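Asks: what's the 3D shape of this:
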Amino acid sequence: KLRVQITTARILRKLTPYAVDGQADLHEAILVYLNQELLDRLGSHPVLLRETAAEVGAYSPSLTQKAIETLGIELATDEQAEAFGRVLAEARSGPEIFGFMRNKDLQKRLMATNYGPDVVREWAAQILTTNTVHAIGEFAIINPPDSEFLRALQTYFRAGKETMLNELGEVYQAMDRPEDALRHYQQALPVMREVGDREGEARTLANLASVLWTLDQVQEALQLNEEALLIWRELGDLKGEAEALSSIGSNFDLLDRPQEALRSYQAALDAWRSVPDRGREARTLVQIGSAYAALDRHREALPPYNEALSIYRDLEDAAGEAHALDMMGSNYRALERPSDALSSYNSALALWRELQDADGEARTLDKIGMVHETLGQPQEALQTYEAALSIYRSSGDRLGEALTLDNVGWLYRKEGRPALALEVYKVALPLWREMGDRSNEALVLLHMGDTLATEEPEEALNHYDQALSIWREVGDRRWEGATLEGMG
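Replies: Below is the predicted model of the structure:
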C-alpha cells in the first residue's frame, strides 16, 4: 500500500508548479501538504524510506530535515555528508537542486567534502540541459558572482532567454507577486517577437493580460487578449483561441459591457466544444448565464445554468456543481422565485459542506439569509447570517464579515430595531475603513444616518455629512444624490 502511495506522490509531484526564491514557497507548501503524512508513515519502514530518500531530501528543505531525523543521519562527518550528497547528485531536474540549495547547512557540509565540487559541476550541467529556471534567485543569493552555478545560469540565460523570462513570470504570478511577474513578461515579449516565436508571443500576451487584470488595468488586459486571439487564430490553435475568448469575455464583464461579454462567451463555448473540454464548456455556460443575468434576461439564463449543472454532475465535479447551483439560486431570486432559490442554495450548501469549503459555505449562507428575509422569516434569516459571520471570523475574511454585518443591520432596521442596527453598523464601519473601501464606508454611514434620522436628527446629519464627503471624493453622483435626499 505504501508503494502505491509513493507512486501516487511521484505523479502528483510532477504535476506541481515550481516556486522561486522568498518566503511564499508554493512548491514546498503543496508538496508538504501532499506528502508529510506519507513521510511519517515511511518512518516505520526504513527500507522504503531509504529507497525514496533522494526524492524526500530533494524537493523540500523541511522534508529533507524530517528524512534526516527519521533515518538517523546527523551529517556529523564528511563521509555521511558525502553519502547524502551522492544521493542528491543523482537528481536529474531542477527541484532537487533547488531543495538542496535552500538548505544552507547541508550545502555547507557537502561543499566541505572532497565530493562537493563534483556535485557542483554535475548540477551546473543539468541546469543547462533541463530548462531549470526557478532557482536563479536562490543561487544568486547563496553563491558568489564567479561561482560555477551562476556562470552556468548565465549561459542558460543567453541560450533560452525568452523561455526563462516567461516561466519566471508564471512562477511570480503563482506566488501572488504581480509586479515581478509583469516585469518578466514585459521583458519576454520583445524577445519572443525578435525570434519570431508566435506561439510564445501569444502566450506572453495572455500572461501579461492576466497580470494586468489582477492590477485592475482591465482595458489594457482586453487589448492584449485581443492581440493574442488574432495570433491563436493565425496559428489555428483552437485551445488558445478558446482561452483568449474566455478571457475577453471576463474583461468585458469587469468593464460592465455584458452584451459584448455574452458574444465572447458564446464564441468561446463553440471553441471549447470543438477542443473538446467538458469542464471549460460547463464553466463557460455558467458565464453565459451570468451575462444574461447582467442584461436582466434572467429567464434566458436558466438553460445554460441547467446545462452546466448537468455537465458538472457527469464529471463528478462537486465544486463546479455547487457554483452552478449558487448562480441558479441568485437567478431565481431575481425572478422572484424565492422557494426555488432556497432549494438551489440549500443544495449548494450541502456540497460546500461536503467539500469542506468554508468560504463557499459562508457565501451561500449569506444568500440563504436574504431569501429568508424575502419570505418574511426574519428569525431564520438572522440565524443564517450569524452562521455565516462565525465562518468569516474564523477564517479572517474581513470582507465577508463586513458584507454580512451590513445585511444584519438592514434586517434589524426592517424589523424596527434601530438600536441593534446601529450596534451592527458600528462594528462594520471600522472594517470597511481598515480595508480602505471608501464606497462601502460611505454606504454604512448613510445607513447609520437613515437609522438615526427619526430619533436623533443632529447625529444623523453628522453621518450624512461624512457620507456625502466620501461620495464627492470618489465621484459617485448617484449616491451623492441619495445622501442629499436623506439630509433633506
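
Asks: test my guess that Tyr332 contacts Ala341.
Replies: Yes - Tyr332 is within contact range of Ala341, at 3.7 Å (criterion: CB atoms under 8 Å). Every residue, glycine included, has its C-beta placed from N, CA and C.

Asks: overlap in contacts, the two.
Replies: Overlap of the contact sets of Tyr332 and Ala341 (by CB atoms under 8 Å, 6 or more residues apart in numbering) is empty.

Asks: so for Pro457, what's the pLDDT?
Replies: The confidence metric pLDDT takes the value 85 at Pro457.

Asks: typed the wrong thing, it's Arg478
Replies: Confidence score, pLDDT, at Arg478: 85.

Asks: can you tell me the helix or strand for it?
Replies: In this assignment (DSSP states H and E), Arg478 forms part of helix 477-487.

Asks: with His447 instead?
Replies: If you go by DSSP H and E, His447 is part of helix 438-452.

Asks: what's near enough to touch the closest residue to Met487 other than its chain neighbours?
Replies: Setting aside the residues directly before and after it, Met487 is nearest to Tyr464 in space (CB to CB, 6 or more residues apart in numbering), at 4.7 Å. Contacts of Tyr464 were listed using CB under 8 Å, 6+ apart, and they are 445-446, 449, 483, 486-487.

Asks: which intervals of the protein have sub-threshold pLDDT?
Replies: Low-confidence segments of the chain (pLDDT under 70): 5-6, 8-176, 195.

Asks: circling back to that earlier point, now the host helix or strand of the residue nearest to Met487 against helix 477-487, angle please.
Replies: Here Tyr464, judged by DSSP H and E, is contained in helix 457-474. On the basis of axes from the mean of the first three to the mean of the last three CA atoms, to 10 degrees, helix 457-474 is oriented at 170 degrees to helix 477-487.

Asks: quick one: the closest residue to Leu255 other than its chain neighbours from Ile248, how far?
Replies: Among residues not flanking Leu255 along the chain, Val218 sits closest, at 5.6 Å (CB to CB, 6+ apart). Separation of Val218 from Ile248 (CB to CB, to the nearest Å) stands at 11 Å.

Asks: got it, and Glu423?
Replies: 46 Å.

Asks: among those two, which residue is more densely surrounded?
Replies: Between Glu423 and Ile248, counted using other CB atoms under 10 Å, the more crowded position is Ile248 (26 against 13).

Asks: check contacts around that one.
Replies: Here Ile248 is in contact with 222, 225-226, 229, 264 (criterion: CB under 8 Å, 6+ apart).

Asks: what residues sit buried inside the helix or strand where it lies?
Replies: Using DSSP H and E, Ile248 sits in helix 238-254. By neighbour count on 16 or more other CB atoms under 10 Å, the buried set for helix 238-254 is 238, 240-253.

Asks: for stretch 472-481, measure first residue to last.
Replies: 10 Å (CA to CA, to the nearest Å).

Asks: pretty sure Ala202 is touching Glu226, no?
Replies: No - using CB under 8 Å, Ala202 is not in contact with Glu226; the gap is 11.4 Å.

Asks: list the contacts of Ala482.
Replies: Leu446.

Asks: I'd like to know how far it sits from Tyr412.
Replies: Using CB to CB, one gets 20 Å for the distance from Ala482 to Tyr412.

Asks: also Lys239?
Replies: Counting by CB to CB, the gap from Lys239 to Tyr412 is 51 Å.

Asks: wait, doesn't Ala421 sit right on Asp450?
Replies: No - Ala421 lies out of contact with Asp450 (CB under 8 Å); the separation is 9.4 Å.

Asks: more crowded one of these two?
Replies: Ranked by neighbour count (other CB under 10 Å), Ala421 and Asp450 place Ala421 first, with 23 against 18.

Asks: name the nearest residue to the more buried one, sequence neighbours excluded.
Replies: Distances taken as CB to CB, 6+ apart put Tyr412 closest to Ala421, at 3.8 Å, once the chain neighbours are dropped.

Asks: buried ones in the one helix or strand the one you found maps to?
Replies: Under DSSP H and E, the secondary-structure element containing Tyr412 is helix 398-414. Neighbour counts over helix 398-414 (16+ other CB under 10 Å) mark 400-413 as buried.

Asks: do stretch 301-313 as well
Replies: Result for stretch 301-313 [16+ other CB under 10 Å]: buried residues 301-302, 304-305, 307-309, 311-312.

Asks: could I have that stretch exported to PDB, CA atoms only?
Replies: The C-alpha coordinates for stretch 301-313 follow below in PDB (Å, rounded to 0.1, in the frame of the first residue of the first chain):
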ATOM      1  CA  ALA A 301     -30.000  32.500 -18.100                       C
ATOM      2  CA  LEU A 302     -31.700  29.300 -16.700                       C
ATOM      3  CA  PRO A 303     -31.000  27.000 -19.700                       C
ATOM      4  CA  PRO A 304     -27.200  27.500 -19.700                       C
ATOM      5  CA  TYR A 305     -27.100  27.200 -15.900                       C
ATOM      6  CA  ASN A 306     -29.000  23.900 -16.100                       C
ATOM      7  CA  GLU A 307     -26.800  22.600 -18.900                       C
ATOM      8  CA  ALA A 308     -23.700  23.500 -16.900                       C
ATOM      9  CA  LEU A 309     -25.100  21.700 -13.900                       C
ATOM     10  CA  SER A 310     -25.700  18.600 -15.900                       C
ATOM     11  CA  ILE A 311     -22.100  18.600 -17.200                       C
ATOM     12  CA  TYR A 312     -20.600  19.100 -13.700                       C
ATOM     13  CA  ARG A 313     -22.600  16.200 -12.400                       C
END
